[in-house]
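J.: With the input below, show me the fold.
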Amino acid sequence: MVAAPAIPGLFCCFAAVVLLVFACVSGNVWDRISFLDTVVNGRTIHFGVFGYTGIDRPVVGYNIQDAVGNAFQDGTLGTYALKSLTIVMILHPIAAVFAFVACLFGFCGAGFSRIGTILMSLCAALATLITLVVWVVDMSLWGIVRNRLRSGGFSAEYGNANWLVLGALVALLSGFCTAAFGSCFPMRRRTTVERV
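T.: Numbers count the residues shown, from 1 in each chain. Prediction:
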């Protein structure tokens, strides 16, 4: 028996996994994907989940003031609050893991039983909540940094990772809704029709 109602939710959750993984490798790992792009003293800096371009190793939580160096003198980018918000960026891979677990349950729901679809909807709901928190933190953190850099006379633009996270949020919300809605329907049963 195939639980066809699980399939749309499975596709949505898989799309969210891909988008969140791309957002996780932003900044110092893959500089084409970033949360904020700025040019300071002729050097382009791409900020990501685990650091920024030019950093030697990935870190959880980093000082944005260190990235821009002495070019931004007032020190407002080195506050404890902004460093704490960069620590919250660790929720990106956590949301990706929960979305992946939702995909695994979706495979079980699509191939075996309704319980997989129900578990997929629960994992997708949790991943949706985490991704919502992550997206709000992203927009707050990078909005503050962007405004402070612009007020200091530097160029700063949002990167594409913000919109990848928003796309993942929409995909997870769709995956949760379709999985929850699909788990309410009876499963398809094969019926045999006797011909007379």
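J.: Name whatever forms a beta bridge with Gly51.
T.: Counting by DSSP bridges, Gly51 forms beta bridges with Gly48.
J.: quick one: the helix of greatest length in the chain to chain centroid distance?
T.: Counting by DSSP state H, the longest helix found in the chain is helix 114-151. In terms of Cα atoms, centre = their mean, to the nearest Å, the centre of helix 114-151 is set 6 Å apart from its chain centre.
J.: can you check stretch 177-186 too?
T.: Chain-centre distance of stretch 177-186: 24 Å, with Cα atoms, centre = their mean.
J.: Return it as CSV; C-alpha atoms alone will do.
T.: In CSV, the C-alpha atoms belonging to stretch 177-186 read as follows (Å, rounded to 0.1, in the frame of the first residue of the first chain):
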residue,chain,number,x,y,z
CYS,A,177,0.5,21.3,6.1
THR,A,178,0.4,18.7,3.3
ALA,A,179,1.7,16.0,5.6
ALA,A,180,-0.8,16.8,8.3
PHE,A,181,-3.6,17.1,5.8
GLY,A,182,-2.6,13.9,4.0
SER,A,183,-2.5,11.9,7.3
CYS,A,184,-6.2,12.6,7.7
PHE,A,185,-7.2,10.8,4.5
PRO,A,186,-7.6,7.0,4.3
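J.: Let me see the mean pLDDT of that stretch.
T.: Stretch 177-186 shows a mean pLDDT of 80.
J.: what's in contact with it?
T.: By Cβ atoms under 8 Å, 6 or more residues apart in numbering, the list of residues contacting stretch 177-186 from outside reads 3-6, 8-10, 12-13, 102, 106, 109, 114, 117-118, 120-121, 124-125. No exception for glycine: its C-beta is placed from N, CA and C like everyone else's.
J.: next helix or strand past the lowest-mean-pLDDT helix or strand in the chain?
T.: Within the chain, confidence by mean pLDDT, DSSP states H and E is lowest for helix 64-68 among all helices and strands, at a mean of 80. Counting by DSSP states H and E, the next helix or strand C-terminal to helix 64-68 is helix 80-87.
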